[in-house]
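Peer 1: Sequence and predicted structure below; questions after.
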There are 2 protein chains.
Amino acid sequence: MNRPEPPPKKATRIQKKNRKAILQAALEVFSQRGFGGSTIDRIAERAGLSKPNLLYYYPSKEAIYVAVLEDTLEFWLEPLAALDPNGDPIEEIGRYVSAKLEMSRTRPEASRLFANEILHGAPAIGNFLTGPLKELVDEKAAVIKKWIAAGKLRPVEPRHLIMMIWAVTQHYADFDVQVRAVLGDVITPARRFADAEATLMTTLFEGLRPR
Amino acid sequence: MNRPEPPPKKATRIQKKNRKAILQAALEVFSQRGFGGSTIDRIAERAGLSKPNLLYYYPSKEAIYVAVLEDTLEFWLEPLAALDPNGDPIEEIGRYVSAKLEMSRTRPEASRLFANEILHGAPAIGNFLTGPLKELVDEKAAVIKKWIAAGKLRPVEPRHLIMMIWAVTQHYADFDVQVRAVLGDVITPARRFADAEATLMTTLFEGLRPR
DNA sequence: GTCTATAGACGGATAGAC
DNA sequence: GTCTATCCGTCTATAGAC
């Protein structure tokens, strides 16, 4: 028998390219239609592959789904991980808000993919939420607590503050159609995000700055 | 001619009961699993009906879905509609935040149903978003603008402020699993919502109050 | 006795997986 | 390309309300 690859003998150039295409296609399809509303066929088509070929790379629809999620998870935590305990609190939080808002603008599909997953009870990434995510939030909550103790921020619940920032920034990706409907189509995307940032900064900053 | 009701010859007691049971069951199923992940069979089972019997009341899966959405829409706008132009701005906004948070606590499935629908591009309620919803938001944005002009609020974009309130309050329903994962299961629901409200009020109020 | 309400069984199409 | 499972929607027969 003359089988070239048992597991991943070589990370073939073609394999890398196809895997990437599949993940990108899956991200677009899953984020737009949810897991149940997506079909392998559609993902394969958008990736430029046949369905059997796609199933050669990932054994099942669920496997693709999990792969896309995991592929995006790490990237998703970056901005919060970058919160610097030694920086100026207001500045650091401002930077975090900006970064998250920027992610909503440039990667709305990723935001929607997570939103959909969590909305439905996080069947695939429950362990991520109670594990790495919670740990990171705990760590950063401690930082915020110290800032508050030092009188550099008004006293608020750090974890709720963090989630509040998630909510307001991701809203512009997850609820995009509603945002556009409410603002009207005359408002350009650039203007929309600039106004959003200004509003968030005003309320958050003035609400957090101690007197 | 002496016809009391032309279309619904009699609103049979049994019909009312079944329709209500179907809508309730559909709300639970659709909000938990999305449209594509839900089956008529499951909805019928939860409503205590056979599938053909359910389809006797609503002609298709989509008809049930639309019916549930419409059944909840009006109710959903109530708190915003109640914003009183003659009231104290900070008080009115506080009341609105409280009311929305309370809805997230008591009717999370409704919130999730909308979130899912909008997340996927609002195929069924697009006209509602650009119609009644936009109109109501426009009306209330004008009220907020007047408050700002009168120096009673800091200058912010009214529409973004309204959406910001939607985002932070609905977050506690839509992303419930994540909220619980991050806070840990030791925090009781009552405590969770109390902390949320305190954090929202502090940041929002202090951020909106003029100096 | 007539109309409403209910269910069992099935067709047909879609889509996951080999 | 095929096999199979799932699931929407219908056909038909019957039980029950008024």
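Peer 2: Ah, there it is.
Peer 1: how about the CA coordinates for the one helix or strand A:I118 maps to, as PDB?
Peer 2: In this structure, A:I118 is located in helix A:108-119 according to DSSP states H and E. Output for helix A:108-119, consisting of C-alpha atoms alone and laid out as PDB, is shown next (Å, rounded to 0.1, in the frame of the first residue of the first chain):
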ATOM      1  CA  PRO A 108     -18.000  41.800  12.400                       C
ATOM      2  CA  GLU A 109     -18.400  38.100  11.200                       C
ATOM      3  CA  ALA A 110     -16.200  37.000  14.100                       C
ATOM      4  CA  SER A 111     -18.200  38.900  16.600                       C
ATOM      5  CA  ARG A 112     -21.400  37.500  15.200                       C
ATOM      6  CA  LEU A 113     -20.100  34.000  15.200                       C
ATOM      7  CA  PHE A 114     -19.400  34.200  19.000                       C
ATOM      8  CA  ALA A 115     -22.600  36.000  19.600                       C
ATOM      9  CA  ASN A 116     -24.600  33.300  18.000                       C
ATOM     10  CA  GLU A 117     -22.700  30.600  19.800                       C
ATOM     11  CA  ILE A 118     -23.100  32.200  23.200                       C
ATOM     12  CA  LEU A 119     -26.700  33.100  22.500                       C
END
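Peer 1: check which helix or strand covers the residue of chain A found nearest DNA strand D.
Peer 2: Nearest residue of chain A to DNA strand D, counting by C-beta to the nearest atom of the strand: A:P52, 4.4 Å away. For glycine as for every other residue, the C-beta is placed from the backbone atoms N, C-alpha and C. Secondary-structure element containing A:P52, defined by DSSP H and E: helix A:51-57.
Peer 1: Report all helices and strands that the helix holding A:I118 contacts.
Peer 2: Packed against helix A:108-119, as judged by 3 or more C-beta pairs under 8 Å, 6 or more residues apart in numbering or on different chains; DSSP states H and E, are the following elements: helix A:13-37, helix A:61-81, helix A:89-106, helix A:158-174, helix B:108-119, helix B:158-174.
Peer 1: Tell me which of those helices approaches DNA strand C most closely.
Peer 2: When the helices and strands packed on helix A:108-119 are compared for distance to DNA strand C using C-beta to the nearest atom of the strand, the nearest one is helix A:61-81, at 3.8 Å.
Peer 1: Stretch A:133-150: how far from the chain's middle?
Peer 2: In terms of C-alpha atoms, centre = their mean, to the nearest Å, the gap separating the centre of stretch A:133-150 from the centre of its chain is 21 Å.
Peer 1: Pull out the buried positions in it.
Peer 2: The neighbour-count criterion (16 or more other C-beta atoms under 10 Å in any protein chain shown) identifies A:L133, A:K134, A:L136, A:V137, A:K140, A:A141, A:V143, A:I144, A:W147, A:I148 as the buried residues of stretch A:133-150.
Peer 1: ok, now which ones touch the nearest residue to A:P132 once chain neighbours are set aside?
Peer 2: If you skip the residues right next to it in sequence, A:P132 has A:L77 as its closest partner in space, 7.3 Å away by C-beta to C-beta, 6 or more residues apart in numbering or on different chains. By C-beta atoms under 8 Å, 6 or more residues apart in numbering or on different chains, the contact list for A:L77 reads A:P132, A:L133, A:L136.
Peer 1: No further questions, thank you.
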